[in-house]
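**Q** Have a look at this prediction, sequence included:
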Amino acid sequence: MNVGFIAHDAKKKLMQNFCIAYRGILAKHTLYATGTTGRLIEEVTNLQIHKYLAGHLGGEQQMGAQIEHNEIDLLIFLRDPFTPKSHEPDINTVVQLCDTHNIPLATNLATAELLIKALDRGDLDWRELYKS
């Protein structure tokens, strides 16, 4: 399955720790991320990440295009609801695309953990049928 990652600046360390904790599960899948987030995940996990541009340079739009083409099966977007910055990705666009294309989306750690565990159990295998 194709798993996408985006993280606001204030959540990048949390994303790294999440990926360290679930490295064994993530290693079984194809991973995509906006540029800085992907680089930071790679540094701490040694997982191979397909990196887009940094979010503020168009990486969010690249991820959005992949969602529109039904090429992402799960997206984890750890966002900072209290101090978003103007150069950070706009959550509304990503949420709308995920809702439109039935892509499971986590915007916080609790939901991310539930989705990763569901991915590991095979609960998201329906995505393969949906993509056909």
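**A** Looks like it arrived, so ask away.

**Q** Relative to the strand or helix carrying Leu31, what are the paired strands and their orientations?
**A** Element membership for Leu31, per DSSP states H and E: strand 30-33. Partners of strand 30-33 in the sheet, by DSSP bridges, are strand 2-7 (parallel), strand 49-51 (parallel).

**Q** Could I get the buried residue list for that strand?
**A** Within strand 30-33, the residues that count as buried by 16 or more other CB atoms under 10 Å are 31-33. To be clear about C-beta, it is placed using only N, CA and C from the backbone, and glycine gets the same treatment.

**Q** I'd like the distance from it to the chain centre, please.
**A** How far strand 30-33 lies from its chain's middle: 7 Å, per CA atoms, centre = their mean, to the nearest Å.

**Q** Next secondary structure after that strand?
**A** Counting by DSSP H and E, the next helix or strand C-terminal to strand 30-33 is helix 35-45.

**Q** Show me what that following helix packs onto, helices and strands only.
**A** strand 2-7, helix 12-21, strand 30-33, strand 49-51 (3 or more CB pairs under 8 Å, 6 or more residues apart in numbering; DSSP states H and E).

**Q** tell me the angle it makes with strand 2-7.
**A** 110 degrees (axes from the mean of the first three to the mean of the last three CA atoms, to 10 degrees).

**Q** Show me which residues of helix 35-45 are buried.
**A** 35-38, 40-42, 45.

**Q** now, which of those sits nearest Val94?
**A** Val94 lies nearest to Thr37 out of these, by CB to CB, at 13.0 Å.

**Q** Which residues does the closest residue to that closest one other than its chain neighbours form beta bridges with?
**A** Of all residues not flanking Thr37 in the chain, Ala7 sits nearest, at 4.7 Å (CB to CB, 6 or more residues apart in numbering). For Ala7, the beta-bridge partners under DSSP bridges are Leu78.

**Q** Kindly reformat the buried residues of helix 35-45 as a markdown table and extend each row with distance to Arg23.
**A** Formatted as a markdown table, the buried residues of helix 35-45 follow (distance: CB to CB, whole Å):
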| residue | distance to Arg23 |
| --- | --- |
| Gly35 | 20 |
| Thr36 | 19 |
| Thr37 | 15 |
| Gly38 | 15 |
| Leu40 | 14 |
| Ile41 | 10 |
| Glu42 | 11 |
| Thr45 | 5 |
